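Colleague: need a 3D model of the sequence below.
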Amino acid sequence: MSRHQFYEVKRVAVSSLLLDTYNPRIRHGQDQKDCIARILRDRDNFLSLMKDIAANGLSIEHVVVSKNHSGKWVVRDGNRRITALKLLNRPSLALPDTALVSLITRIREAHAENIPSKIQCMACDDEETISSFLKRKHTGANAGIGQKSWSAVLIALFNLHAGIADQNRRAAQLLLWAEENGMQINDEFPITTLTRGLSAETLQLIGFKIEDDDIVPVVSIEKAYAMVERVIIDIAQGRIHVKRDGEEGSIFTKENQRKYFRSVRDAFADQPDEPVPPASQPMPALPADRPPHEPTGGSPVDAPQDNSATRPARRQASPAKPAWDRPCLFGRRKGAAPGFIIPDSEPKAISVTVELRGINPRDTPIAAAMLLRYLIELSNAYYRQAHSLRQLDTMRKSIANSAEHMKGAGLLSQDEIDVILRYTREEQSMLHINTLQAYIHRPNFHPNGQAINTFWDEIGCFVAACWA
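Modeller: Coordinates of the predicted model:
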């Protein structure tokens, strides 16, 4: 299948589109009227779709069409959506069901301004390509090739971010806190089991309180992390469950919930509740003829955190705030630099680091993301030139190749390589040019300071190795 074989067709009249008589939802429709009748068999779900289209407009997902032997457009993907539009534009198509005609007419009158009579489609003239597309889209995940449905964890995290009520909200908040502090949560984690066990009382037992409808640690980050990690591992591995039969590990009843969470608290009773202040570190010495805000070229500076693919190295002392919430990208102190030596022969890279260490990722996330991405690009180019590596067509491929080369040279561990390669594969990563373009051109798509800090904590080892 080649995406290049699809092309846009603008302002296609809904009335001229033919429903696909061989679509699996329709199955051998005798004519267009029969096709509509067959789709209406799933009446309740179809009416929900129609009402949503009338109120909110057609989804951004393209309707896919191809031409039949008469040169007319046939809907290959989107038959339910087009049927809804056909009925909203012409309710009498639902006859002889007069009650349905009246209902559709009322929906149309309430949202007349949202109902288009012409739409944009994606077309393809190659049947094999269309068949491949439809199979990938509608036959499940297909080992990652097709569309993968969201798990309960992903739905809960989405609803949490969007401010939508969700029964797993508290559990989602705890999982998000754990990930933001370095733990990796599997997409298939049994979040409903965690939800069953959480309450204000059990949260307090593992070091959290509810404040402004969010969870806030009331013990040191290190201790809270350790207790949450125990709970998540116990649930993920099935040692803790919600079976009714009284098996060992069940937290089906409130009594068992309190008993389990007290046992987690007791297991870490020897760890201090209060945060331990971070050890003080002297600022690096600067040349007498340079003020602190100017680049120091080859001066040694704080190294980035050394993160593994599974989770960051545990801190010896817990800061008052987690690392991802720090106000500066490089280290904990304003003015600290990134943890590698840039030679004076590379003034552009030095300037970028100076600008980066002078801004707060939380206040200016887009600027921080752009500068950090540019720093990675400059660092990678320097490394490849120094080692006579050929230029590749995309930055993410080039970084993946450089990382493998670094592994062979002993500059990066396998854990660090795994993290870097993951970023080169992820479509939403800042290593993808599409993400940067989205930051610039899409009004509702932008990074946040926490994500940028976390990205640096995991990719900083690569940048440092480029200048080693």
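Colleague: so Asp34 versus Arg41, what's the distance?
Modeller: Note on Asp34: its distance to Arg41, by CB to CB, to the nearest Å, is 11 Å. C-beta here means a position set from N, CA and C on the backbone, and glycine is covered the same way.
Colleague: these two - which one has more neighbours?
Modeller: Ranked by neighbour count (other CB atoms under 10 Å), Asp34 and Arg41 place Asp34 first, with 14 against 9.
Colleague: now do the contacts for that one.
Modeller: Thr21 (CB atoms under 8 Å, 6 or more residues apart in numbering).
Colleague: secondary structure element holding it?
Modeller: helix 32-39 (DSSP states H and E).
Colleague: what mean pLDDT does that helix get?
Modeller: Per-residue pLDDT over helix 32-39 has a mean of 93.
Colleague: in it, what counts as buried?
Modeller: Using 16 or more other CB atoms under 10 Å as the test for burial, helix 32-39 gives Cys35, Ile36, Ala37, Arg38, Ile39.
Colleague: return the member of these nearest to Asp213.
Modeller: The closest of the buried residues of helix 32-39 to Asp213 turns out to be Ile39 (CB to CB; 41.7 Å).
Colleague: could you say what helices and strands the helix or strand containing Met227 packs with?
Modeller: If you go by DSSP H and E, Met227 is part of helix 221-236. Using 3 or more CB pairs under 8 Å, 6 or more residues apart in numbering; DSSP states H and E as the contact test, the elements touching helix 221-236 are helix 169-180, helix 191-197, helix 254-267.
Colleague: now Ile164: closest residue in space, sequence neighbours ignored.
Modeller: Closest residue to Ile164 apart from its sequence neighbours, by CB to CB, 6 or more residues apart in numbering: Phe158 at 7.7 Å.
Colleague: any idea of the pLDDT on Thr296?
Modeller: Note for Thr296: predicted pLDDT of 35.
Colleague: cool, the one 10 residues further on as well?
Modeller: At Asp306, the pLDDT value in this model is 42.
Colleague: partners of the helix or strand harbouring Val65, with directions?
Modeller: Using DSSP H and E, the element containing Val65 is strand 63-67. If you go by DSSP bridges, strand 63-67 pairs up with strand 73-77 (antiparallel), strand 118-124 (parallel).
Colleague: just the CA trace of it, in CSV.
Modeller: Output of strand 63-67 as CSV, limited to C-alpha atoms (Å, rounded to 0.1, in the frame of the first residue of the first chain):
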residue,chain,number,x,y,z
VAL,A,63,-14.1,9.7,3.9
VAL,A,64,-12.4,7.4,1.3
VAL,A,65,-13.9,7.0,-2.1
SER,A,66,-13.1,5.4,-5.5
LYS,A,67,-14.8,5.5,-8.9
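Colleague: follow-up on the earlier one: among the buried residues of helix 32-39, which one lies nearest to Ser102?
Modeller: The closest of the buried residues of helix 32-39 to Ser102 turns out to be Ile36 (CB to CB; 16.7 Å).
Colleague: picking that back up, what number of residues are in the vicinity of the residue nearest to Ile164?
Modeller: Look at Phe158: counted by other CB under 10 Å, it has 13 neighbours.
Colleague: again with the one 4 residues further on
Modeller: The number of residues packed near Ala162 is 8, by other CB under 10 Å.
Colleague: where does it land on pLDDT?
Modeller: On pLDDT, Ala162 comes in at 79.
Colleague: same check on Asp97?
Modeller: Asp97 is assigned a predicted lDDT (pLDDT) of 92.
Colleague: can you count the residues close to it?
Modeller: Asp97 has 13 nearby residues by other CB under 10 Å.
Colleague: state the distance from it to Leu87.
Modeller: For Asp97, the distance to Leu87 (CB to CB) stands at 11 Å.
Colleague: ok, now His432?
Modeller: Taking CB to CB, one finds His432 at 40 Å from Leu87.
Colleague: who's more crowded, those two?
Modeller: It is Leu87, of His432 and Leu87, that has more neighbours when counted by other CB under 10 Å, with 24 against 19.
Colleague: quick check: buried residues in stretch 201-221?
Modeller: Neighbour counts over stretch 201-221 (16+ other CB under 10 Å) mark Thr202, Leu203, Leu205, Ile206, Gly207, Phe208, Ile215, Pro217, Val219, Ser220, Ile221 as buried.
Colleague: how long is that stretch end to end?
Modeller: The first residue of stretch 201-221 is 19 Å away from its last residue (CA to CA, to the nearest Å).
Colleague: centre of the chain to it, how far?
Modeller: 25 Å (CA atoms, centre = their mean, to the nearest Å).
Colleague: which residues of the stretch 251-400 of the chain fall in helices?
Modeller: Secondary structure of the stretch 251-400 of the chain (DSSP state H, counting those that start in this stretch): helices at 254-267, 347-357, 365-386, 395-408.
Colleague: tell me what angle the shortest one forms with helix 365-386.
Modeller: So the one you mean is helix 347-357. Using axes from the mean of the first three to the mean of the last three CA atoms, to 10 degrees, the direction of helix 347-357 lies 150 degrees away from that of helix 365-386.
Colleague: for helix 347-357, which positions count as buried?
Modeller: For helix 347-357, a neighbour-count test (16+ other CB under 10 Å) marks Ala349, Ile350, Val352, Thr353, Leu356, Arg357 as buried.
Colleague: looking just at contacts, which helices and strands does it meet?
Modeller: Judged by 3+ CB pairs under 8 Å, 6+ apart, the packing partners of helix 347-357 are helix 365-386.
Colleague: recalculate using a threshold of 10 Å.
Modeller: Judged by 3 or more CB pairs under 10 Å, 6 or more residues apart in numbering; DSSP states H and E, the packing partners of helix 347-357 are helix 365-386, helix 449-466.
Colleague: let me have those in JSON lines, adding mean neighbour count as columns.
Modeller: Output for those, formatted as JSON lines (neighbours: other CB atoms under 10 Å):
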{"stretch": "helix 365-386", "mean neighbour count": "19"}
{"stretch": "helix 449-466", "mean neighbour count": "23"}
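Colleague: to Gly29, which of those lies closest?
Modeller: With CB to CB as the measure, helix 449-466 is the member of the helices and strands packed on helix 347-357 nearest Gly29 (48.0 Å).
Colleague: off-centre distance for the closest one?
Modeller: A distance of 17 Å separates the centroid of the chain from that of helix 449-466, by CA atoms, centre = their mean.
Colleague: also stretch 184-202?
Modeller: 20 Å.
Colleague: quote the end-to-end distance of it.
Modeller: OK, stretch 184-202 end separation, CA to CA: 22 Å.
Colleague: quick check: which element contains the residue of the chain positioned farthest from its centre?
Modeller: The outermost residue of the chain relative to its centre, with distances by CA atoms, centre = their mean, is Pro96 at 47.0 Å. Using DSSP H and E, Pro96 maps to neither a helix nor a strand.
Colleague: how near is it to Ile233?
Modeller: Applying CB to CB, the value for Pro96 to Ile233 is 61 Å.
Colleague: can you give me phi and psi for Lys361?
Modeller: Quick fix: residue 361 is Pro, not Lys. Main-chain torsions, Pro361, degrees, to the nearest 10: phi -60, psi -30.
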